[in-house]
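Visitor: Okay, sequence plus prediction incoming.
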Amino acid sequence: DQHEKEEALKIAYSTFKELSESKHAAPNHVTYSTFLRAISKLMPDGEKKDALVSSTFRLCIRDGLVDYNSLFHMKQASSMQLCSELLGGIDCSEAKDITVDDLPYSWTSNVKQTSRRKRNL
């Protein structure tokens, strides 16, 4: 129900905020994509949701931590207008087709990908 969603969002927000303000840790690409997914699933569409998506994704860009998942969840969470704005003002319908490979390198430069391939020892 809506009350449970609001409580879950409060927990997600406080966790994200605490990590963002920590002197011992910082958000990574997983943190951003998870928080954007929480916003997408837990908030009703509207100005408050768009404002939170916008501020979160802009921080993700600033930190160079945009990856496939954070981009996907930003697109899922935002209105077409906001998605277009965050991706440089391109046509709203085309914004949904943008991939990580289309983004400036500075947006993705700090994403640390680990290989899932097993090493032969």
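Guide: Nice, I can see it. Numbers count the residues shown, from 1 in each chain.
Visitor: so where do the helices sit in the chain?
Guide: Remark: helices assigned in the chain by DSSP state H are 2-21, 29-42, 47-62, 68-77, 80-86, 92-95, 105-108.
Visitor: Those into TSV, with extra columns for mean neighbour count and mean pLDDT?
Guide: (Each C-beta comes from the backbone N, C-alpha and C, glycine too.) Converted to TSV, the helices of the chain look like this (neighbours: other CB atoms under 10 Å; pLDDT from 0 to 100):
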stretch	mean neighbour count	mean pLDDT
helix 2-21	13	96
helix 29-42	21	97
helix 47-62	17	97
helix 68-77	21	94
helix 80-86	18	91
helix 92-95	14	72
helix 105-108	15	96
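Visitor: what about stretch 78-96, start to end distance?
Guide: 10 Å (CA to CA, to the nearest Å).
Visitor: mind checking how far that stretch is from the chain centre?
Guide: 14 Å (CA atoms, centre = their mean, to the nearest Å).
Visitor: Show residues contacting it.
Guide: Stretch 78-96 is contacted from outside by 45, 50, 53-54, 57-58, 74-75, 98, 103, using CB atoms under 8 Å, 6 or more residues apart in numbering.
Visitor: redo that, cut-off 7 Å
Guide: Residues outside stretch 78-96 that contact it (CB atoms under 7 Å, 6 or more residues apart in numbering): 50, 53-54, 57, 74-75, 98.
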